[in-house]
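Q: Give me coordinates for this.
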Amino acid sequence: MAHIVDFRQRPLSLMNLMRSGKYVGGHSYWKLYVIENIFRIIIHSVLTPEIPQGWWAVAVDQSIRGKAERFKTNYLKKAWHGKPGGHNIYYIDLRDLNEIIRANANLFSPVIPDIDKWMIGIEDLRLPRNVVAHMNCPSSNDFRRIDVFHSDCETLLEAVKSQIPLLIP
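A: You can find the predicted model right below:
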């Protein structure tokens, strides 16, 4: 991995700021995007056939549903902005996705036998994810953590796909 110097550790320069931003975006942001959306797809794919009457209202805690509604309402107030997605799952974050998995682990464990390991992995990723999401430069350890978890998630998606149909929320 190329060594990136955080722009804040160098003399102020627009070029240093742009290089840092391009590196974080090009190296890590897209992987975090993939990771979060893999879990959205897995959650939707597991819960839809298990709770055909509508898993969101049944399997998701009211506080998470309320958070999604607040975010959705804020987007609707500013219709000139794009919306995250059609399903409420696009209005929540990684912590909430992990909570849905935890609360419904009995439904996920037949498809993902080591579900506890995945919940710990998601939790471990939250801080490096937040560093990137809040437009900061991750440490070299955080970059590696994102890289490894991204690779593991791609493998997980393939394993899930071999067991159940994948459904995009």
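
Q: pLDDT below threshold where in this structure?
A: By pLDDT under 70, the weakly predicted segments of the chain are 1-5, 80-81, 83.

Q: give me the element the residue minimising distance to the centre of it is part of.
A: Nearest to the geometric centre of the chain sits Glu36, at 2.0 Å (CA atoms, centre = their mean). Secondary structure from DSSP states H and E places Glu36 in helix 30-50.

Q: Pull out the buried positions in that helix.
A: 31-32, 35-48, 50 (16 or more other CB atoms under 10 Å). Bear in mind the C-beta positions are built from the backbone N, C-alpha and C, glycine included.

Q: Would you mind pulling the contact partners of that helix?
A: 55, 59, 87, 89-90, 93-94, 97-98, 100-101, 104, 107-108, 111-112, 122, 125, 129, 132-133, 146-147, 149-150, 153-154, 156-157, 160, 164-169 (CB atoms under 8 Å, 6 or more residues apart in numbering).

Q: does Phe108 really touch Ile101, like I thought?
A: Yes: counting by CB atoms under 8 Å, Phe108 touches Ile101, with 5.7 Å between them.

Q: Now list whatever residues contact both of the two.
A: What both Phe108 and Ile101 touch, as defined by CB under 8 Å, 6+ apart, is the set Ile115.

Q: and the gap between Tyr29 and Glu36?
A: Tyr29 is 11 Å from Glu36, where distance means CB to CB, to the nearest Å.

Q: Ignore what I typed, I meant Asn106.
A: 23 Å.
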